[in-house]
Structures are given as C-alpha cells and as structure tokens.
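[1] only geometry, no sequence info:
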C-alpha cells in the first residue's frame, strides 16, 4: 500500500510540474490553484508513505515518476522536443524507478 501511495504521489508531481508551467509564474488563476492541489496531494501522500518505507528508495521513485511523467507529458501535449536520446534517457529513469520499487523496504 505504501508503494501505491508513492506511485500516486509521483503522478501528482507530474501534475504540479505541468501546472507550474501553465500558471506562467503564478499569473493564471486556475493552473495556480491546480498546482497547489497537486503539490499538496503529492507531498501529503509521500509523507504518508514514508511512515512505512525507507526515504531513499521512496524519494527516488517519487522524483523518477515525476520527472519521467513530466517529460513524457511535455513531449505529447506541450510540443517539447522529442529526440531518441531523450526517449532512451526517460526509459533508463523508468527502469531505475522499477528497480527501486522492487527493492522494497525493510519495514
């Protein structure tokens, strides 16, 4: 259950990163509100998961999901540059996240 919280928190991290861009420096109301909701949800779920998980792997998985998710979202929906190197690099991040998740926690 704690790993599920980390995964959802990582997805919410993607949401707050995208909303941060869409807020244009917090000058647009709805993306700014969405940023706050996603950020609070992401940090809240990560905090709950850390009651059961080691901080290193949990934090790495959280940031990995957020980074890969944000990069993928940007390429698909925000016209970010798509390159072979970027896709290979994102794949390595995802592989690392899976490896860390499978490493589990001693608690």
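    Great, that's in hand. Note that the structure is a prediction, hence the values are computed from the model and not measured. Residues are numbered from 1 along each chain as shown.

[2] Quick one: name whatever helix or strand follows the helix or strand residue 36 falls within.
    In the assignment (DSSP states H and E), residue 36 maps to helix 29-49. Sequence-wise, the next helix or strand downstream of helix 29-49 (DSSP H and E) is helix 55-77.

[3] which parts of that next one are buried?
    In terms of neighbour count (16 or more other C-beta atoms under 10 Å), helix 55-77 has its buried residues at 57-62, 64-75. Quick note: C-beta positions are derived from backbone N, CA and C, even for glycine.

[4] Identify the residues contacting the helix or strand where residue 95 lies?
    Counting by DSSP H and E, the element that carries residue 95 is helix 84-103. Applying C-beta atoms under 8 Å, 6 or more residues apart in numbering, the external contacts of helix 84-103 come out as 3, 6-7, 57, 60-61, 64-65, 67-68, 71-72, 75.

[5] Direction-wise, compare it with helix 55-77 and give the angle.
    Helix 84-103 and helix 55-77 are oriented at 150 degrees to each other (axes from the mean of the first three to the mean of the last three C-alpha atoms, to 10 degrees).

[6] Secondary structure class of residue 81, three-state.
    Classification of residue 81 by DSSP: H, G, I helix; E, B strand; the rest coil places it in coil.

[7] what's the nearest residue to it if we skip its chain neighbours?
    Nearest non-adjacent residue to residue 81, counting by C-beta to C-beta, 6 or more residues apart in numbering: residue 75, 7.5 Å away.

[8] now that neighbour: how far from residue 90?
    Between residue 75 and residue 90 the distance is 9 Å, computed by C-beta to C-beta, to the nearest Å.
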